[in-house]
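Enquirer: starting from these lines, generate the structure:
(chains A and B)
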Amino acid sequence: MWTYVARRLLQSVFVIVGVTVISFVALHMGGDPTYLFVSERATAEEIAETRAKLGFDRPLPEQYLSFAAGLVQGDLGNSLTYKTPALDVIALHFPATLELTIVAIILAIVISVPLGILAALKRGTAIDGGIMTLAMFGQSMPSFWLGIMMILFIGLGLGWLPISGHVPVLEPLLAGDFGKAFGNIPAAATYVLMPALTVAFFSISRNARLVRSSMLEVLGQDFIRPARAQGLAEREVVVGHALRNAWLPVVTMIGLEFGFMLSGVVVVETIFSWPGLGRLVFNAINQRDIPLVQAAVVVFAVTFVTLNLIVDLIYARLDPRIRLT
Amino acid sequence: MTATSEPMTAGQPQDAVPLDDWRRTLRRAWRSLVRARWPLVALLILAVVGLAAAIGPSVAPRDPNRQAIMARLKPPMAVDRQGKVDYVLGTDALGRDVLSRLIYGARISVVVGLAAVVIGGILGTVLGLVAGYFGGWIDDIIMRIADIQLAFPFILLAIMFLIVLGPGVWNLIIILGIGQWVTYARIARGQTIAQREKEYVDAAKALGARTSTILFQTILPNILAPLTVIASFNVASVILSEAALSFLGLGVPPTVPTWGGMLAESREQLLAGRWWLAIFPGVAIMATVLSFNILGDWLRDFLDPRLQTTG
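Expert: Numbers count the residues shown, from 1 in each chain, chains lettered A, B, ... in the order given. Presented below is the predicted three-dimensional model:
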């Protein structure tokens, strides 16, 4: 187990270094990056000054090393628009994004798993066909369009849910104000439902298909027949025997989904004016606040890699076969 | 997949396969398409989209960028004073014709989707072939790079590159293309390893064929089937990525109409209830992507030898 943990850790470090190298290369691809950091009316002196201040006049390897050193110390440069350290700005917006992603992942699981099981059990019927058609549509829809449609029909047309805004839960919770955090939950739920469903919809569709095929595979295997032959109720066969074996691929998938949801929030948060990291990145893109975009991408990367690492370790604990390969 | 039944064509170009075989496969494909119905509908939709992309400028009713202040925000099928319908799908906030913009938008989606998949597909297939055939440290290096890329949502890297490079069709195609190679490389590698030890490869080697001949003329034709299936799904996901990047304003210059860009603009009109600006581009994206996904599903079933009754 420990060699496996060590190997996975090393791999994760490798990936993060890779991402920083790529983000560094990206910054330098358009020529002298100084021009990305000064206003269009900047004088030659101002440009030269900025270049020296940001170290763009130094050799590239040296620049990368100081960039990496800054990263290790938690310094990713200053945001151009906020004039404060980029990492502080990100930290301020992170809880809202985490809230959205957590709700989305919960929705994805509680909707997709039962749908997938149902489709597998009713294989070949209209129910199966309906669920799979829906899943096919879900995988073919841009998430931001789904969000816009929900705003149009559920928010504006029916007036059931608020179309933008956010009531914080995680933030008071982290600040230790439990009363406020719990008091906020009912209101927060109405605000989070549409954005979270938008973020989750692609995953719901993909997982429903995955759970279905995984269930069908397990139900066709040899150990299911004796369970049936023993006269176990169908429910027990499904839940006790089949599901227990079918959910392993789902666990891996969910780990990956978490990361992809993090990237999906960029557009969804923008649509619903959700004050998280995604909208921050969107605004930073429009204001060409490059250090902020870069810092956010690195933060996304580290979060993504860490989550994957955790999922893989859980997975390895659940399935001893993994550790041996 | 025809070549799998002809393993003795070692070192021969693909067209050495008798023409009859191709015709028979095509006929079988057509029958399967008709029987499955939905893939046929998908094919029809893609034909319409493809046509719009190819000859859009000559069929679009108007210049997609011409603004008409007097005709701003006209709903679809609005009748003017002469009792004529000028704008079938309405106009946007600048009085531009939505239908014309949709038709022009098809071009970007189709071109970017196909071109990125071709670039990613060729890059990935070549690297996968090389990694699988040679193994050893070459394999290690290529697959470790693939692991890094796969361990990270590529759209974020795309955002970073595009914000520095600036908008442009070519930038978009190259970035999205590079984003796709890993999928092809992994499959090509796995398939190559499976084919490497087969007798027909040994035969080609014994005949003194060059390595490049073995890779691209002996092995490649035999591993194309799964790669084709992936490509179909891949076009769908690239079109979604392109739409998202255009939505973020990172795709092509704002003067070029795109479906994603139209959706971005529609947001400002949402509260006022201008639904047509949001619905039509979204339906266009979904219909196209859905069609590629359905075709991919069908192609997978069609090419999967385990499901085939003949051959």
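Enquirer: A:Q11 contacts B:I148, correct?
Expert: No: counting by Cβ atoms under 8 Å, A:Q11 sits too far from B:I148 to count as a contact (9.1 Å). Backbone N, C-alpha and C define where each C-beta goes, glycine included.
Enquirer: residue 301: which element?
Expert: Picking chain A for this. Counting by DSSP states H and E, the element that carries A:A301 is helix A:290-318.
Enquirer: the intended chain is chain B.
Expert: helix B:275-303.
Enquirer: for that helix, packing partners?
Expert: Packing partners of helix B:275-303 (3 or more Cβ pairs under 8 Å, 6 or more residues apart in numbering or on different chains; DSSP states H and E): helix A:126-140, helix A:143-150, helix B:19-36, helix B:38-59, helix B:98-134, helix B:220-247, helix B:259-266.
Enquirer: and these: which comes nearest B:Y184?
Expert: Across these, B:Y184 has its closest neighbour in helix B:98-134 (2.8 Å, Cβ to Cβ).
Enquirer: helices or strands up against the closest one?
Expert: helix B:38-59, helix B:136-150, helix B:169-196, helix B:220-247, helix B:259-266, helix B:275-303.
Enquirer: buried ones in the longest one, by neighbour count?
Expert: Within helix B:275-303, the residues that qualify as buried are B:275-282, B:284-300, B:302-303, counting by 16 or more other Cβ atoms under 10 Å in any protein chain shown.
Enquirer: could you do the second one as well?
Expert: The neighbour-count criterion (16+ other Cβ under 10 Å) identifies B:D139, B:I142, B:M143, B:A146, B:D147, B:I148, B:Q149 as the buried residues of helix B:136-150.
Enquirer: for chain A, state which of those residues is nearest.
Expert: Chain A lies nearest to B:I148 out of those, by Cβ to the nearest Cβ, at 4.0 Å.
Enquirer: state the pLDDT value of the closest one.
Expert: pLDDT, B:I148: 77.
Enquirer: could you find the closest non-adjacent residue to it?
Expert: Spatial nearest neighbour of B:I148, chain neighbours left out: A:G18 (4.0 Å); criterion: Cβ to Cβ, 6 or more residues apart in numbering or on different chains.
Enquirer: for that neighbour, pull up the helix or strand it's in.
Expert: Short version, using DSSP H and E: A:G18 is in helix A:2-29.
Enquirer: following element in sequence after that helix, please.
Expert: helix A:44-54.
Enquirer: same question for that next one, mean pLDDT?
Expert: Averaged across helix A:44-54, pLDDT comes to 80.
Enquirer: what angle do helix A:290-318 and it make with each other?
Expert: Regarding helix A:44-54 and helix A:290-318, their directions subtend 20 degrees when assessed with axes from the mean of the first three to the mean of the last three Cα atoms, to 10 degrees.
Enquirer: buried sites along helix A:44-54?
Expert: A:I47, A:R51, A:L54.
Enquirer: please apply the same query to stretch A:299-307.
Expert: Those would be A:V299, A:F300, A:A301, A:V302, A:T303, A:F304, A:V305, A:L307, for stretch A:299-307 by 16+ other Cβ under 10 Å.
Enquirer: what is the most widely separated pair among these?
Expert: Applying Cβ to Cβ across the buried residues of stretch A:299-307, the maximum distance is between A:V299 and A:L307, 12.5 Å.
Enquirer: for the closest residue to A:A42 other than its chain neighbours, give its distance to chain B.
Expert: In space, and not counting its chain neighbours, A:A42 is closest to A:T50: 7.5 Å by Cβ to Cβ, 6+ apart. The gap separating A:T50 from chain B is 16 Å, by Cβ to the nearest Cβ, to the nearest Å.
Enquirer: can you tell me how far A:T50 is from B:L99?
Expert: 47 Å (Cβ to Cβ, to the nearest Å).
Enquirer: show the pLDDT at B:T310.
Expert: 34.
Enquirer: for B:L176, same thing?
Expert: So, for B:L176, pLDDT stands at 91.
Enquirer: cool, and A:N308?
Expert: 78.
Enquirer: same check, this time on A:R244
Expert: pLDDT, A:R244: 68.
Enquirer: do the same with A:A135
Expert: 90.
Enquirer: do you know how far it is from chain B?
Expert: Applying Cβ to the nearest Cβ, the value for A:A135 to chain B is 10 Å.
Enquirer: wait, isn't that residue in contact with A:R209?
Expert: Yes: counting by Cβ under 8 Å, A:A135 does reach A:R209; the two are 5.2 Å apart.
Enquirer: between those two, which one's more packed in?
Expert: A direct count of neighbours by other Cβ atoms under 10 Å in any protein chain shown for A:A135 and A:R209 places A:A135 higher, at 23 against 20.
Enquirer: write out the residues of the stretch 201-325 of chain A neighbouring chain B.
Expert: Residues of the stretch 201-325 of chain A found near chain B (Cβ under 8 Å from any Cβ of the partner chain) are A:259-260, A:262-263, A:266-267, A:270-271, A:281-282, A:285-286, A:288, A:290, A:293-294, A:297, A:300-301, A:304-305, A:308.
Enquirer: just the buried members of those residues?
Expert: Judged by 16+ other Cβ under 10 Å, buried ones among those: A:259-260, A:262-263, A:266-267, A:270-271, A:281-282, A:285, A:290, A:293-294, A:297, A:300-301, A:304-305, A:308.
Enquirer: count of neighbours near the residue lying closest to A:I185 once chain neighbours are set aside?
Expert: Leaving aside its chain neighbours, A:I185 sits nearest to A:V169 (6.0 Å; criterion: Cβ to Cβ, 6+ apart). As a burial measure, A:V169 scores 23 neighbours (other Cβ under 10 Å).
Enquirer: rewinding a little: so who does the residue nearest to A:A42 touch?
Expert: Neighbouring residues of A:T50 by Cβ atoms under 8 Å, 6 or more residues apart in numbering or on different chains: A:T34, A:F37, A:V38, A:A42.
Enquirer: closest one to chain B out of these, please.
Expert: Closest to chain B, out of all of those and judged by Cβ to the nearest Cβ, is A:F37, at 11.7 Å.
Enquirer: quickly find the element holding A:V199.
Expert: helix A:178-219.
Enquirer: between that helix and helix A:126-140, how big is the angle?
Expert: Using the same axes, to 10 degrees: helix A:178-219 against helix A:126-140 is 120 degrees.
Enquirer: same for helix A:178-219, what does it pack against?
Expert: Looks like helix A:178-219 contacts helix A:86-121, helix A:126-140, helix A:143-150, helix A:170-174, helix A:244-246, helix A:248-271 (3+ Cβ pairs under 8 Å, 6+ apart).
Enquirer: fine by me, we can end here.
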